[in-house]
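Participant: sequence first, then the predicted structure:
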Amino acid sequence: MADQKVEFHYLNQPEMIKAGVMNMTDCVDVMEKTFSIMGRGDYILGGPSHNHHGMMIQFPKDPKGPKMPVEGPDRRFMACVSYLGGDYHLCGTKWYGSNSDNLKKNLPRSIHLIIINDPETGVPIAMMEGNLISAMRTGAVVGLGARYLASPEGQMAGIIAAGPISRTCLMALAVGLPQLKEARVYDLDYKKALLFSKEMSQELDIDVHPVANIQDAVRDCDAVSTAASGKTIPKFDKKWFKDGAYIALSSNADLPDELWLNSTLVADNWKMHIDWREEINSKNHSKIPIHGKLHGLIKSRKISDEDISEMGDIVTKKKSVIRGDGSVNIFLTGGMGIEDISWAYEIYKKAIKKSLGKSLKLWDAPYLY
């Protein structure tokens, strides 16, 4: 009789740090492998389109129960399910809750948990803290974009917002741009930008310093990363950007139409962004969760969906992009569960080798089946 015992491996955040979750060079390489698999079509995200970002609980403005949560900034719960093939052959879920008010309680805005499963049996393989996985893979994708879309001689970066995701984005830009020497940081809270700059200068051994406005942060930069959360959306002017600049949008940004219309556009997974648009099915493109202005230009037929390339096609060399010469290259990211799965699984393997974490038992034999 086959063994019916089911156990999975659990990792907490300190154990994951010891296993190497903060190694950005490795993480960028894993994201490159992930997008290579995706470029071959060997992946599935949620929903009937197989490209849905995730299933979200959206809270109402007028709650129907006495304790029901109310709509608020960045307030949601989300399950990001996916399958990743290739050498991974895994299913997984990232489950998280988010609320900007968490910061008032000295908690992260969002709190993540990741589960990895055998795709044949559904048996859980590992469960782990997901905040560092999610933050690192988000930044690593920006670094991967720099590897393929930015000038290889790029030395200067502009960072918009001084939160934890901008931290990992800058870490990744230092990997994707080996000659990076300087980063300018803008945040609505200057003291926050100052602290960010001090810490990142020490960590990366480059000149990171705060600036007073967005224009100073991005002017003449080879790479620009924006990862702003909350109600305030950063607004840009086309003339601020250097010819051939790489712009990585991990969050919403108010770009002028002329910049959208005259740049090379690359997405992590444009089919996922189309899925967002079709789910909302609204005449008001501003309601689309991310990059709504671009969807408005598509609706008015100034740009077509076919004009937007995907990073998987670039990594697998199905398409190519000119780097650092003339056209601005804009990289639009929304985040995918396959990125969480691949980095989480690599950390799980490293943890096993280092005897980190613990095995937890579901059962020796199932009570009902």
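Facilitator: Sure, I can see it.

Participant: elements contacting the helix or strand harbouring Asp275?
Facilitator: Assessed by DSSP states H and E, Asp275 sits inside helix 270-280. The helices and strands touching helix 270-280, judged by 3 or more Cβ pairs under 8 Å, 6 or more residues apart in numbering; DSSP states H and E, are strand 308-310. C-beta coordinates here come from the backbone N, C-alpha and C atoms, glycine included.

Participant: need the contact partners of the next helix or strand after the strand it packs on.
Facilitator: Sequence-wise, the next helix or strand downstream of strand 308-310 (DSSP H and E) is helix 311-315. Outside helix 311-315, the residues that touch it by Cβ atoms under 8 Å, 6 or more residues apart in numbering are 32, 35-36, 38-40, 141, 144-145, 148-149, 266-269, 319-321, 331.

Participant: quick check: longest helix of the chain.
Facilitator: helix 131-149 (DSSP state H).

Participant: chain center to that helix, what's the gap?
Facilitator: 6 Å (Cα atoms, centre = their mean, to the nearest Å).

Participant: quick check: mean pLDDT across that helix?
Facilitator: Across helix 131-149, the average pLDDT comes to 98.

Participant: now stretch 183-190
Facilitator: On average, stretch 183-190 scores 97.

Participant: over to stretch 216-233?
Facilitator: 92.

Participant: kindly report the same for stretch 305-323.
Facilitator: 95.

Participant: how long is that stretch from one end to the other?
Facilitator: Stretch 305-323 has an end-to-end distance of 22 Å (Cα to Cα, to the nearest Å).

Participant: how about the secondary structure of Ile125?
Facilitator: strand (DSSP: H, G, I helix; E, B strand; the rest coil).

Participant: point out where the stretch 151-300 of the chain drops to low pLDDT.
Facilitator: 281-290 (pLDDT under 70).

Participant: can you give me the helices in it?
Facilitator: Per DSSP state H, counting those that start in this stretch, the stretch 151-300 of the chain carries helices over the ranges 164-176, 190-204, 214-218, 257-261, 270-280, 292-299.

Participant: deepest in the core, which of the ones you listed is it.
Facilitator: Among the helices of the stretch 151-300 of the chain, helix 164-176 has the highest mean neighbour count (mean count of other Cβ atoms under 10 Å), at a mean of 25.

Participant: got a ChimeraX select line for the buried ones in the contacts of helix 311-315?
Facilitator: In ChimeraX, this line selects whichever of those come out buried by 16 or more other Cβ atoms under 10 Å:
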select :32,35,36,38,39,141,144,145,148,149,266,267,268,269,321,331
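
Participant: which one is the residue most central in space within the chain nearest to, not counting chain neighbours?
Facilitator: Taking Cα atoms, centre = their mean, the centroid of the chain lies closest to Thr138, which sits 2.9 Å from it. Closest residue in space to Thr138, ignoring its immediate chain neighbours: Ile165 at 5.5 Å, by Cβ to Cβ, 6 or more residues apart in numbering.

Participant: any idea how far the one you found is from Leu259?
Facilitator: Ile165 sits 22 Å away from Leu259, going by Cβ to Cβ, to the nearest Å.

Participant: now do Leu144
Facilitator: Counting by Cβ to Cβ, the gap from Leu144 to Leu259 is 22 Å.

Participant: same question for Thr333.
Facilitator: 17 Å.

Participant: how does the protein divide into domains?
Facilitator: Domains of the chain are assigned by automatic domain parsing as 8-133+338-363, 151-335.

Participant: the first one: end-to-end distance?
Facilitator: Put plainly, it is domain 8-133+338-363. 10 Å.

Participant: before we move on, what about the longest one?
Facilitator: Taking Cα to Cα, the first and last residues of domain 151-335 lie 24 Å apart.

Participant: run the chain-centre distance for it.
Facilitator: 12 Å.

Participant: what's next to stretch 52-67, contact-wise?
Facilitator: 45-46, 68-72, 75-81, 94, 272, 275-276, 279, 334-337.

Participant: hmm, 6 Å instead?
Facilitator: 45-46, 69-71, 75-80, 272, 275, 334 (Cβ atoms under 6 Å, 6 or more residues apart in numbering).

Participant: can you pick the most crowded of those residues?
Facilitator: Cys80 (27 neighbours; other Cβ atoms under 10 Å).

Participant: ok so it is a strand residue?
Facilitator: Yes - using three-state DSSP, the assignment for Cys80 is a strand.

Participant: that one and Asp220: what is the separation?
Facilitator: 37 Å.
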